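Q: Dropping a prediction and its sequence here:
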Amino acid sequence: MTTDVRNFGATRPRDGKLARLLRRIALLRESPVGMIGAGLVLFWILVAILAPLISPYDPNANDFEIARDWYPSARHWLGTDNQSRDLLSRIIWGSRTVLIVAPTAVGCAYVIGCLMGLLAGYYRGWVDLVVMRISDIILSFPVIILYMIIIANFGPSAFNIILAVTFIAAPQITRIVRGLTLELRERDYVAAAKMRGESAWYIMLVEILPNARGPLIVDACLRMGYTTIAIGVLGFLGLGLPPPDPDWGGMVKDSYALMSTYPLMSIIPCMAISSLVVGFNLLADGIREIGLRD
Amino acid sequence: MIGFFAKRLAYLVFTMLVVSFIIYTISEFTPGDVARKILGPFATKNQVELLTEEMGLNRPVFIRYFEWVGQTLSGDLGYSTRYKTEVNNIIWGRLYNTMILASIAFAIIVPASILFGIVAGMAEASKLDRTISVASIVTTSVPEFASGVFLSWIFVIWLGILPGTSTLDTGAGWSIASQLVLPVAVMVLYDLGYVIRMVRASMVEVMMRPYIRTAVLKGLRFREVILKHAVRNAMIAPFTVILLQINYLVTGVVVVEAVFAYPGFGRMMLEGALSQDIAIIEAGALFAVLIAVVTQIVGDFGYMLLNPRIRFS
Amino acid sequence: MTGSTKRPVLELVNARISYFTRAGEINVVPDISFTLHEGEALGLVGESGCGKSTVAFAVMNYLGGSGRLTGGRILFEGRDMQKMSAAELRAVRGNKMSMVYQDPMSSLNPVMTVGRQLMEVPIIHEGASEAAARERAIAILKEVNLPDPESVFERYPHQLSGGQQQRVVIAMALMSEPSLLVMDEPTTGLDVTVEAAVLDLVVRLRETRNSAIVFISHNLGTVVRICDRIGVMYAGELVEEGPIGKVFRDPRHPYTRGLLDCIPVLGSDKRSAPLVPIPGQVPPAMARPRGCVFAPRCPHVVPERCSVGDIPTSPAGGDAEHLVQCVREPELPDYRRPQASGPIEAAIEASEPMLSIVHLDKVYRQAGGLFDSAGGYDVRALSDVNLEAQRGTTLAIVGESGCGKSTLAKVLTGLEKATAGKVSLGGVEIGDTAVENRSRAVKRQLQMVFQNPDSTLNPSHSIGYAIARTLQRLKRLAGGLANREARGLMETVKLPADFVARKPRQLSGGQKQRVAIARALAGGPELMVADEPVSALDVSVQAAIINLLIEIQRQRGATLVFISHDLSVVRYLADRVAVMYLGKIVEAGTVEQVFAPPYHPYTEALLSAVPIPDPDVKQKRIILEGNIPSVTNVPPGCPFATRCPRKVGPICDTTPPPELRTPGGHRIVCHIPLEELTVVDPVVKRAS
Amino acid sequence: MSEDIKKIHPYLPTLVNQLRAGKVDRREFLRTSTLLGLSATAAYTLAGCDEKQEEQQSSTTEEAPAATTTTTETQQAAAPTDNVIRIGMRVPALEDPATFSWVYDSNVTRQVCDYLTRTGVDNVTRPWLLEKWEASPDLKTWTLTLKKGIKWSNGDELVADHAIWNLTRWLDEKVGSSVVGLMKGYMLTEYDTGQKDDAGNPKMGTKLWADNAIEKVDDYTIRLNCKEAQLAVPEHLFHYPALILHPSENGKFGVNAIGTGAFTLTELEVGKKAVLKKRDGYWGKAPAVDSIEFIDLGDDPAASVSALASKQIQGLYEASVSQFAALQKMDHITIYQVSTGQTAVARMQPIHDTWKDPRVRKAMRLAIDSEKVLQAAHLGLGSPGEHHHVCPIHPEYAKLDFMKQDIEGAKKLLADAGMPNGFETEIFCKKDPDWEPQAVQVMAEMWKQIGVNVKINVLPSDQYWEIWNVETAPFAFTTWTHRPLGVMVLGLAYRTGVPWNESFYSNPKFDETLTRAEGILDVEERRKVMVELEQIMQEDGPIVQPLWRAVFTGMDKRIQGFQIHPTYYLFCEEWSLTA
């Protein structure tokens, strides 16, 4: 009696996951702001990947032949830092530092934040109470002071920076994920999963989490930006990665005093860090805009 | 209402206890020796041991922690190994200085963010909105030290019209006001964009609400629709966000204070943290948490007042 | 009412309305014309997405940033709305023309008192003083039957119930005595008794005022109550327009006929008058077919004639008042309601009970917070529920929102645990077992179909995964086997097997609901709980899903517990019915028993409230006043006592009423003696 | 004359002869003779040169050598209305000067209180509150005579009791003064306190080694009776915590504290500023400025530069390498610099397996191109290090063949030591001043060339000073301040078992040779022994020493009379300001 239902809808060609992913990315074209952001981020990712190929010098090698002439020259396009190390090479390799530490830190924060948020939102009750109280307490700390205390106590290293970011960002992610979980756990498909006897972990990870991804992707982009800033600030305060490997914030710190004579030395790393953060933030904005339109 | 405040106060005390204990525990991990810090690197082992004993630092951490709690309650914030003096001699002046900086920045951020946020949000996707949105994203994306670098390069080195540091010392002929310009500018630049985006987002959402349509179709002028119907609603969500900026302004100013050598709370915390001065860190963290939780309480309370849905339930 | 001497208030002349997006122009309404005279009420009906609301907002000249009138004219009192200046528009809006919106809660400013919002109207349009405006506001609140207008005046919108909010919105719209009132789905989302009261108010106000009304609704029944004329919209086009009586008695457009055929009318049931769904779905505005938009779904289509050129609108049978947009109109046969084609099936004989519920209670404990353990309170969602469902039959549970019917579904399915009482499924006790602890056999036996098609399927998973996973869990089928069987199940619910690869967002609401049914069927259940499975669907799709449920039940002999607020659907589908109010069963029996006297006073009120899309049906009017009490504060006596029009006396407030039982097994919980209840007239009578 | 000076110290006549024979240069003569008690004026007369001039030559200005001429005239010519000098320096709490840990702690107090002696910018120590000192031939008895007529700001006269009170206090270990570290060897002795520590070992305390260790001779004369011979007592009296305080204040210093100096502290806000005002009744020449202000600019070198650029301050207490180029560009700033014995050494603790083999330690030295490290990390300001911690400006310095970078040689040594492919290790260093981590970075790049991968662990200064002389930091880069004599440095840092032997280096032959050198007053003779010591250091020693620093700072050209001191001591009463 209702056989004709099968003719409904425009039948789209079946396509693979990759094709779908590419189409989603292509959606960004809709948002010029997002495109600029994606471009900036992509640019730095490429720079980081290709660092060994495009970097003119070893970033840690002192050029003893230029004496104290640190200005840009044919030899050093952007000049050198105050230890006669090629600035361009240090900027290029510095992108690696940021783009390894920031995503790792954000990733760790996400793993913990998602788990905590899922548990709190799914089980509610005392689990929720405990998790949220803990994260409230961490959140009542001013971020930068917490960073300082952690890094100053455990020492500046990539590992400790990741630890600190995780410690600080995880409660924020927990809140977001919890909120989303509280909403998503009431969805009928969760009830359907329960009714076919799925375990709590399956429901949290397979039924709930994937549907929280929209806001989380936007948040992750923003968080990459914050983390980049945080890494820069720690570097600037002298709590950054240990030398000699270049770290943009540390480069600013080392050269800031020379700003009156060698402004490029500090302005260029500042611009590098700002452009990457602008990239992440614009990208997040673009994704959000497209997500809203979807 | 009394229940509300009693609950919040209990929570405040609880949070402060937990936080202070966590810091105490963290600082136990470090290979620091308080007596060594006080005496300097060139004191002999004997001298260090003597002082350790005298200060009772060789007792278990719990006992020292509870003693510290007792002292703090009686108003004694302990002895700073970094500044070699009572914390009480340091912290109040620093807090006062930072409050000055924070209040000025706050007084600029709040009206500016509301104005720009509302102007941008009331006409989503207009040219003005796009300009404000992108500008606010860009300014928040520039770390404080970077904007500090850019601004000092322009105003101190290039134009020479502002002083390079803000020591609050007027002896050299630079007025306090001129010294505050750059730190405030950096803080405002970094923070303003964020708040604008929050206000804008809220405004955009409000403008899509059916009651705005109701107001328009009632025959109200656009200005009245915005001022009478939209703004009040649009301020509910960002209200908490705006209050939370106090938090950032008072305790997050480390970078600004370091860049401009401003004798404030943030620089004190930075120096305390770098030299693992437990007394300074503890006292500072307690103030930070106090400010955070109190702004939160005020935020919740204000939110209640602003939002009749919560007020009458 | 349609006297030609009256002046036209609103004229739409070949209006063409489009939205402009990045993808380009989307022409939502290609060409629409109609005229509305003083005091006249025109109902615009159609399924979702047919452009009714677009027309409404076009009339208000408020299409948002992206919408525009791209052709034709809209004249208000003879003036072209497009040519008005902003100031002129402001002077007209809220004054000469005003609007009542679908969702009253969100249409009122949450941070302004109701009074302030009302006062604005006279202040801006008449320059009234504060005091005068206040007086006017209180007067109009009184006029829309709000109790205690002074106190309502001071309140914020959220402190009012949905029905009260809508009265406020109506009051606001009427304050300036507009000549045109546009009502956009004003009762959608309200409970049926509240809806009836609001409709009643509109009818009453029409008598005292001379406003012309454009009444937009998806529910043909409400239109019948309010309007003089009806316009049927389909895919942005007005396919038929005419006086209510003529259109309903002799619908001339195949779509109008299709609509009427797929709506269960209170009184019809699955055995006597089958529902006939309209095949296919509304074409998207981007892909409008050439010629008649309805042609692809039309049973009378003649492609050479229907899909060639523009279809003119012409008077049906020469009646200038009754306009139809169909080339084959003159050739169409006379309209007849569908009848059962075969012999009428007898009602299924009572067999052994599949499900039995005894003294079931469900109490939610609302905690008071961390530092406040004494501050909690109880929410009594179900109290002393006793029910039985026989194998292979349909038990319907009907009631308004908040009556506990969904809680009952959750307890049955184990998503919530019962506080007290027994639930046994085929003899196995399941009431105190949460779904996590139920055996696989029980889970297979009992499955559920959910209300909201958008949330029933996980948007991240493909259709095939959703079904195959259920098969793996419940039947322990291996992956390949499960996938094969999933395709089989798709056939069962009449979806192409290829759909297994799709994601839910690629499906329409009806298709999603079919998938949900397929998923519920995966374990081969003996009892299916369906919680409002069709309430979110358009009528034509709703009919198809109802038919599918009936068919599956017939094939598999499964028991169905059908939860609904829609009495027409329940009347059509159920074998046995239980009526719930505030967590209690007030009446239960076979469908015939419940829908005929003796009635519980509440059932009687419900039946009188149901809007019936048939002008020839006469309904008793029983208007319930007041709101449903909160579940946190259930009256100690009869739960319905606070609103009951037949209240006996104080006993109703203090003593729980006894359960009255007829020999036929019909149960009514009421203080009024059975005999008295029996002597009332049926609520619904067909005047033929 | 020679008889007179023989009374002062028996070695002095020999010294005069050597000077005349050209065997010691003038500077060495000045240094040693004053050390032995000859007054600086007398020494300069003997050496045949003008004291003032000599002193100023050693402190040079990079671009404006004429800046320091005729100070007295300019001073009188035009004193500006706002006669205040502002200096950028950390402003710490100053509660107990005896426990100061850093030079800058003492720079505020120094304007109010004085030392018994002063070591000038020329590395020559002179009496200050003292009239003179006299050492016994065995260098075990030192007689200190106070100048008469010095008045405290409260009107009291400075007498021996005041000095004795201070000396006793510094040496009381409960006070916690770092003077103990310097004087412990010859003034204190250990004793068993009778208590046990947690491990059950007896707790040791220290006290004066003899009851008459500090002896009052008369109201103006004090005698120090030392346990062991000590050459550098006058230098030790110039150690930064060794400020003479008025006993009535019981060791507490603060606003309006009593002092013998030219200024009074009128305002102190820790971490922000300190204000000193000229006082009346100063025993010396009255200062030319009305007031000195120290402004705290934090640890960020950039802030100081900015403050100088906007003329919020007129000078810096010290400048770091990262500021040098900026200071050079400022037209109103003069850069002052002076060569010093300040250095930093990467010390390896041979008690750990990595550094046990002397060949490995030498390989680490051979890998370094000192010139390049000096260039890259310290802008070439200073001189390349020779890995033996004896400075060219030390009188007994013996010049060896310069230890050049020799990558192949280093690799060979490593191979001999069984590590042909090098190894990985970790070095600790301090975060600031910034030249230190920079030097370490440059060295690490060089070590990489011989296959040694060094991970750099930069610690905040406070943390670094926790570990500088403990076993848990096998490899670390420590700064050493300037000391007048080479033997002083070697004795403090490399003798077996001494408290500041941060490398736990223990070489009996070295110890024995060092003791021998310390007993030789004759610089020529001592230098011969120094050759041995320096060679041991280069072949076997525990350090890589990349450079000797020149210290420098920037001051406004309006400031007259400023001389940079090798250890950054400021003597503000000498300064004046032109308009």
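A: Here it is on my side, so go on.
Q: Looks like residue C:483 contacts residue C:466 (just checking).
A: No. Using CB atoms under 8 Å, residue C:483 makes no contact with residue C:466, being 11.9 Å away. All C-beta atoms are positioned from the backbone trio N, CA, C, and that covers glycine.
Q: Same drill for the two, tell me which one is more crowded.
A: Neighbours per residue (other CB atoms under 10 Å in any protein chain shown) separate residue C:483 from residue C:466, with residue C:466 holding more: 24 against 18.
Q: gap between the more buried one and residue D:320?
A: Distance, residue C:466 to residue D:320, by CB to CB, to the nearest Å: 67 Å.
Q: The host helix or strand of residue A:230 close to chain B?
A: Element membership for residue A:230, per DSSP states H and E: helix A:213-236. Yes. Helix A:213-236 reaches chain B (CB under 8 Å from any CB of the partner chain) through A:225, A:229, A:232-233, A:236.
Q: Same check on stretch D:332-345?
A: No. Residues of stretch D:332-345 are not located near chain B by CB under 8 Å from any CB, the shortest gap being 12.2 Å.
Q: Okay, buried residues for that stretch please.
A: Neighbour-count burial for stretch D:332-345 flags D:333-345 (criterion: 16 or more other CB atoms under 10 Å in any protein chain shown).
Q: For residue A:169, state which of these is nearest.
A: If you rank the buried residues of stretch D:332-345 by distance to residue A:169 using CB to CB, residue D:344 comes first, at 38.6 Å.
Q: distance between the helix holding residue A:230 and the chain's centre?
A: 4 Å (CA atoms, centre = their mean, to the nearest Å).
Q: So which elements touch the next helix or strand after that helix?
A: Going down the chain from helix A:213-236, the next helix or strand is helix A:248-255, by DSSP H and E. Where contact means 3 or more CB pairs under 8 Å, 6 or more residues apart in numbering or on different chains; DSSP states H and E, helix A:248-255 is packed against helix A:87-123, helix A:213-236, helix A:263-293, helix B:144-152.
Q: quick one: average pLDDT of helix A:248-255?
A: Mean pLDDT, helix A:248-255: 88.
Q: same check, this time on stretch D:39-50
A: The pLDDT scores in stretch D:39-50 average 70.
Q: Next, count neighbours for residue D:242.
A: That count, for residue D:242 with other CB under 10 Å as the rule, works out to 24.
Q: tell me the least confident of the buried residues of stretch D:332-345?
A: If you rank the buried residues of stretch D:332-345 by pLDDT, residue D:339 sits at the bottom with 83.
Q: what's the spacing between the helix or strand encompassing it and its chain's center?
A: Using DSSP H and E, residue D:339 sits within strand D:333-348. The chain centre lies 11 Å from the centre of strand D:333-348; the measure is CA atoms, centre = their mean.
Q: quick one: the helices in the stretch 1-150 of chain D?
A: Remark: helices assigned in the stretch 1-150 of chain D by DSSP state H, counting those that start in this stretch are D:2-8, D:12-20, D:26-35, D:40-47, D:51-58, D:71-77, D:103-109.
Q: so what secondary structure elements neighbour the second one?
A: Of the remaining helices and strands, those touching helix D:12-20 by 3+ CB pairs under 8 Å, 6+ apart are helix D:2-8, helix D:26-35, helix D:40-47.
Q: Selection in ChimeraX covering whichever of the residues of helix A:213-236 next to chain B are buried, please.
A: Buried residues among the residues of helix A:213-236 next to chain B (16+ other CB under 10 Å), as a ChimeraX selection:
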select /A:225,229,232,233,236
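Q: number of nearby residues for the closest residue to chain C within the stretch 301-450 of chain D?
A: Per CB to the nearest CB, the residue of the stretch 301-450 of chain D with the smallest distance to chain C is residue D:431, at 44.7 Å. Residues lying near residue D:431 (other CB under 10 Å) number 21.
Q: and if you look at residue D:428?
A: For residue D:428, the neighbour count with other CB under 10 Å is 21.
Q: so it sits in a helix?
A: No. Using DSSP: H, G, I helix; E, B strand; the rest coil, the secondary structure at residue D:428 is strand, not a helix.
Q: Can you give me the distance of it to chain A?
A: Applying CB to the nearest CB, to the nearest Å, the value for residue D:428 to chain A is 10 Å.
Q: Pick out the shakiest of the helices of the stretch 1-150 of chain D, pLDDT-wise.
A: In terms of average pLDDT, helix D:71-77 trails the rest of the helices of the stretch 1-150 of chain D, at a mean of 42.
Q: Got the phi and psi for the residue in the stretch 1-150 of chain A that chain D sits nearest to?
A: Nearest residue of the stretch 1-150 of chain A to chain D: residue A:62, at 4.5 Å (CB to the nearest CB). For residue A:62, the backbone dihedrals (degrees, to the nearest 10) come out as phi -80, psi 130.
Q: And the pLDDT at it?
A: Predicted confidence (pLDDT) for residue A:62: 78.
Q: The spatially closest residue to residue D:328 that is not a sequence neighbour pairs with what?
A: Spatial nearest neighbour of residue D:328, excluding adjacent residues (CB to CB, 6 or more residues apart in numbering or on different chains): residue D:335 at 6.5 Å. Beta bridges link residue D:335 to residue D:554 when assigned by DSSP bridges.
Q: Return the distance of residue D:335 relative to residue C:452.
A: Residue D:335 sits 78 Å away from residue C:452, going by CB to CB.
Q: distance of the closest residue to chain D within the stretch 51-200 of chain B from chain A?
A: Per CB to the nearest CB, residue B:164 is where the stretch 51-200 of chain B lies closest to chain D, at 2.3 Å. Counting by CB to the nearest CB, the gap from residue B:164 to chain A is 9 Å.
Q: Tell me which other helices or strands the strand holding residue D:339 touches.
A: Short answer (3+ CB pairs under 8 Å, 6+ apart): strand D:333-348 packs on strand D:60-61, helix D:321-328, helix D:358-366, helix D:435-449, strand D:475-480, strand D:543-556.
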